[in-house]
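Q: following is a predicted model, sequence given first.
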Amino acid sequence: MSFSWPSVFRVTLFILLIAAVVVACFTLPIEKIMKAFLIWVDRDLGPWGPLVLGVAYIPLTVLAVPASVLTLGGGYLFGLPVGFVADSIGATVGAGAAFLLGRTIGRSYVVSKLKDYPQFRSVAIAIQKSGFKIVFLLRLVPLLPFNMLNYLLSVTPVSFGEYMLASWLGMMPITLALVYVGTTLKDLSDVTHGWGEFSTTRWAFIISSLVVSVVLMVYVTKVSKSALDKALAESEDTDGITSSSTLPIVAESSVHLNQPLIVKIDSTEDNN
């Protein structure tokens with residue numbers, strides 16, 4: 001495999017970015033920093049708080065840092081529906097930023113990591129047939145690591161528009177659930193500090209809502225998993241692709257982003 005100087009430069013940049021993420025995760029108290037950030041948003045930003053919260057998703061998603069604390073914080077600080085809107089838009093924009101990074105300067109590095117995710121082969125094949133549907137189901141089902149999924153999908157033939165819409169819709173259920181939990185935590189905190197009180201009816205509503213939310217999430221995940229497995233199986237059975245050792249991914253960014261490039265992936269060779 002030949003490398004041009006531009007591709008070497010892009011790989012170097014992306015490796016430095018990954019190294020910075022690793023160093024940050026092991027040397028910085030990420031969770032403590034995010035909690036301090038939420039306190040700052042609550043105390044000092046006023047009506048700008050939801051916007052800043054949404055923007056904060058971009059660096060976290062690009063750096064592959066779990067943003068669940070921010071999602072809970074959106075519900076805790078702003079409740080429904082403001083917290084949900086801020087979290088939903090922020091998570092989608094962050095996913096889009098990671099996707100564009102993987103499709104441009106980080107593409108060569110992402111391609112080199114495909115061998116670490118054997119399940120991705122079926123996903124890449126299925127996306128050729130129905131990109132929107134597969135991306136949507138992948139957001140509902142944890143088939144691949146969520147933080148890495150943005151980068152893996154960036155080298156598939158799915159268009160940026162389909163990716164963004166499918167990601168936004170697919171991430172809505174888990175976002176709504178986490179925001180609701182954050183809102184509930186705020187209510188419980190108010191009671192604990194004597195700032196409010198719950199009637200028996202309110203307690204019954206909270207408990208029943210949490211139970212219903214869990215049941216719905218389990219059901220949605222189960223149905224989505226079945227639909228995803230069926231779609232992947234159908235895609236591999238078409239055109240004799242099952243026996244092929246090639247993987248369809250998009251070409252370099254200098255060509256049309258939807259044009260497939262056939263790259264041979266040999267999982268038996270550790271040196272390639």
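A: Yes, it's here. Here the structure is a predicted model, which means the values were calculated and not measured. Numbering: from 1, shown residues only.

Q: please count neighbours and contacts with C-alpha atoms only from this point.
A: Fine.

Q: then stretch 228-238 to CSV, C-alphas only?
A: Taking C-alpha atoms only, stretch 228-238 is exported to CSV below (Å, rounded to 0.1, in the frame of the first residue of the first chain):
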residue,chain,number,x,y,z
LEU,A,228,-30.5,-5.0,12.3
ASP,A,229,-29.5,-8.7,12.3
LYS,A,230,-32.1,-9.3,9.5
ALA,A,231,-30.8,-6.4,7.4
LEU,A,232,-27.2,-7.4,7.7
ALA,A,233,-28.0,-11.0,6.9
GLU,A,234,-30.0,-10.0,3.8
SER,A,235,-27.2,-7.8,2.6
GLU,A,236,-24.6,-10.5,2.9
ASP,A,237,-26.7,-13.0,1.0
THR,A,238,-27.1,-10.8,-2.1
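
Q: state the mean pLDDT of it.
A: On average, the pLDDT along stretch 228-238 is 76.

Q: name the residues of it that come out as buried.
A: For stretch 228-238, a neighbour-count test (16 or more other CA atoms under 10 Å) marks 228, 231, 232, 235, 236 as buried.

Q: okay if I get those residues as TSV plus distance to residue 166?
A: As requested, the buried residues of stretch 228-238 are exported to TSV (distance: CA to CA, whole Å):
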residue	distance to residue 166
228	14
231	16
232	17
235	19
236	22
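
Q: now the two most distant members of those residues.
A: Pairwise distances across those (CA to CA) peak at 12.4 Å, for the pair 228 and 236.

Q: and the pLDDT at residue 90?
A: 93.

Q: how near is it to residue 121?
A: 29 Å (CA to CA, to the nearest Å).

Q: cool, and residue 65?
A: In this view, residue 65 and residue 121 are 25 Å apart by CA to CA.

Q: same question for residue 217.
A: For residue 217, the distance to residue 121 (CA to CA) stands at 27 Å.

Q: neighbour count winner among the two?
A: Comparing residue 217 with residue 121 by other CA atoms under 10 Å, the one with more neighbours is residue 121, at 19 against 16.

Q: so that one is in which element?
A: helix 120-140 (DSSP states H and E).

Q: list the contacts of that helix.
A: 114, 144, 146, 152-153, 156-159, 162-163, 165-167, 169-171, 173-174, 220-221, 224-225, 227-228, 231-233, 235-236, 247-249 (CA atoms under 8 Å, 6 or more residues apart in numbering).

Q: could you turn the buried ones of those residues into a ChimeraX selection?
A: Buried residues among the contacts of helix 120-140 (16+ other CA under 10 Å), as a ChimeraX selection:
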select :114,144,146,152,153,156,157,158,163,166,167,169,170,171,173,174,221,224,225,227,228,231,232,235,236,247,248,249
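
Q: now, the contacts of helix 120-140 that are in helices?
A: If you go by DSSP state H, the contacts of helix 120-140 have 146, 152-153, 162-163, 165-167, 169-171, 173-174, 220-221, 224-225, 227-228, 231-233, 235-236 in helices.

Q: quick check: which ranges of the stretch 1-150 of the chain have low pLDDT?
A: The model of the stretch 1-150 of the chain has pLDDT under 70 over residues 1-35.

Q: would you map the strands across it?
A: Counting by DSSP state E, counting those that start in this stretch, the stretch 1-150 of the chain has no strands to list.
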